[in-house]
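Student: only geometry, no sequence info:
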Ligand code: AMP
Ligand code: MN
Ligand code: MN
Ligand code: MN
């Protein structure tokens, strides 16, 4: 029998509550965006938690793509390493014929609607991967599906990143960045257009589960100014509340641009490395600059959703 989320036990055995490490004068080292083997990262949730702690992270979130199967492990590992924890995910969304990522933070991971929505979003990945492989075989790269599978930690979550690792392994490219320049992206072999979740659904799943929706790395999208304005406006209208300002995907000039956008749209600001792998990621967990002054950090609005480390 389904029980309402309000009476469910919290994700970890520990109580949710106030952050203990956030005097206004001292910025919290929060890293609210990274990936584990449960999606397209190369480290386990436990190894990520250790690395985050070693880099000084105090408030952490694991945000695997379209998947929350690693949340329990991440929360336990966060607490074992003396960090506070927010539940997290990064939902793939199709908006204006482009892929946009929406991070969800602080939701109830037991919420059935969120779990169902994420399962639907993951659903097309297998067939898409077969088609990526077929296209690659047309340019002489055979067996890429099987090759990519060797890197997959979660059978429901085969992603372009796993293909990229395989193409590096077989010597087709020097690194994964080169793979994405020559393959898997629009206009190149192995690009398979895909319809992900809608913006309204992704925001609703997160909100209805008690969490906050956040636009991930907005500078990465190739939108016109009008399309970007539409994204922010519709996101806000559907109940979205945050935007990543300081992320591993942004330059300092882009921190400024999205600080202004956060003010213009009345959005809270998030900070996250988007760390995937020690070998591939330029930005390590917990190493980004603090949020610019004057922004409202997302964790201030999510204080009641934080799962505190044991005292
Ligand atoms: P997918 O969800 O299968 O479309 O894969 C998207 C993932 O591919 C992103 O989350 C990144 O981890 C990775 N990715 C996309 N573009 C690039 C790029 N230019 N360089 C490196 N990784 C990329
Ligand atoms: Mn990724
Ligand atoms: Mn992303
Ligand atoms: Mn990400």
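Tutor: Nice, I can see it. None of these values were measured; they are calculated from a predicted model. Ligands and ions are numbered 1, 2, ... in the order given.
Student: From here on, just use CA atoms for contacts and neighbour counts.
Tutor: Will do.
Student: Show me which residues of the stretch 151-300 of the chain are close to ligand 1?
Tutor: When proximity is defined by C-alpha under 6 Å from any ligand atom, the stretch 151-300 of the chain lies next to ligand 1 at 159-161, 176-177, 180.
Student: tell me the pLDDT at the residue nearest to residue 139 when sequence neighbours are not counted?
Tutor: Nearest residue to residue 139, sequence neighbours excluded (C-alpha to C-alpha, 6 or more residues apart in numbering): residue 189, at 7.4 Å. For residue 189, the model assigns a pLDDT of 98.
Student: any idea how far residue 189 lies from ligand 1?
Tutor: According to C-alpha to the nearest ligand atom, to the nearest Å, residue 189 and ligand 1 sit 14 Å apart.
Student: Now do the contacts for that residue.
Tutor: Residue 189 sits next to 132, 135-136, 139, 182-183 when contact means C-alpha atoms under 8 Å, 6 or more residues apart in numbering.
Student: Centre-most residue in this protein?
Tutor: The chain has residue 90 as the residue nearest its centroid, 3.4 Å off, counting by C-alpha atoms, centre = their mean.
Student: now what about whatever helix or strand that residue lives in, what contacts it?
Tutor: Assigned by DSSP states H and E, residue 90 falls within strand 88-95. Contacting residues not belonging to strand 88-95 are listed as 32-33, 61-68, 71, 99-107, 118, 121, 195-199, 202, 216, 231 [C-alpha under 8 Å, 6+ apart].
Student: what about it and ligand 1, any contact?
Tutor: No: contact of strand 88-95 with ligand 1 (C-alpha under 6 Å from any ligand atom) is absent, the minimum separation being 6.8 Å.
Student: Retrieve the pLDDT associated with the residue of the stretch 101-250 of the chain found nearest ligand 1.
Tutor: At 3.3 Å from ligand 1, residue 159 is the closest residue in the stretch 101-250 of the chain, using C-alpha to the nearest ligand atom. As predicted, residue 159 sits at a pLDDT of 98.
Student: The spatially closest residue to it that is not a sequence neighbour - how many residues pack around it?
Tutor: In space, residue 159 comes closest to residue 40 once its chain neighbours are excluded; the distance is 6.7 Å by C-alpha to C-alpha, 6+ apart. Neighbour count for residue 40, taken as other C-alpha atoms under 10 Å: 23.
Student: where's residue 40 relative to ligand 1, distance?
Tutor: 6 Å.
Student: In this structure that residue contacts residue 274, no?
Tutor: No: checked against C-alpha atoms under 8 Å, the pair residue 40 and residue 274 is beyond contact range at 11.0 Å.
Student: List of residues touching the host helix or strand of residue 126?
Tutor: Using DSSP H and E, residue 126 sits in helix 125-138. Applying C-alpha under 8 Å, 6+ apart, the contact partners of helix 125-138 are 142-145, 156-160, 184, 189-192, 194.
Student: Generate a PyMOL selection restricted to the buried entries among these.
Tutor: The PyMOL selection below is limited to those of the contacts of helix 125-138 classed as buried (16 or more other C-alpha atoms under 10 Å):
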select buried, resi 144+145+156+157+158+159+160+184+189+190+191+192
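Student: Now the two most distant members of the contacts of helix 125-138.
Tutor: 156 and 189 (23.1 Å; C-alpha to C-alpha).
Student: picking up where we left off before, please convert the contacts of residue 189 to TSV, extending it with neighbour count, distance to residue 279 and pLDDT.
Tutor: What follows is the contacts of residue 189, written out as TSV (neighbours: other C-alpha atoms under 10 Å; distance: C-alpha to C-alpha, whole Å; pLDDT from 0 to 100):
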residue	neighbour count	distance to residue 279	pLDDT
132	22	24	98
135	21	27	98
136	21	24	98
139	10	27	98
182	16	20	98
183	23	20	98
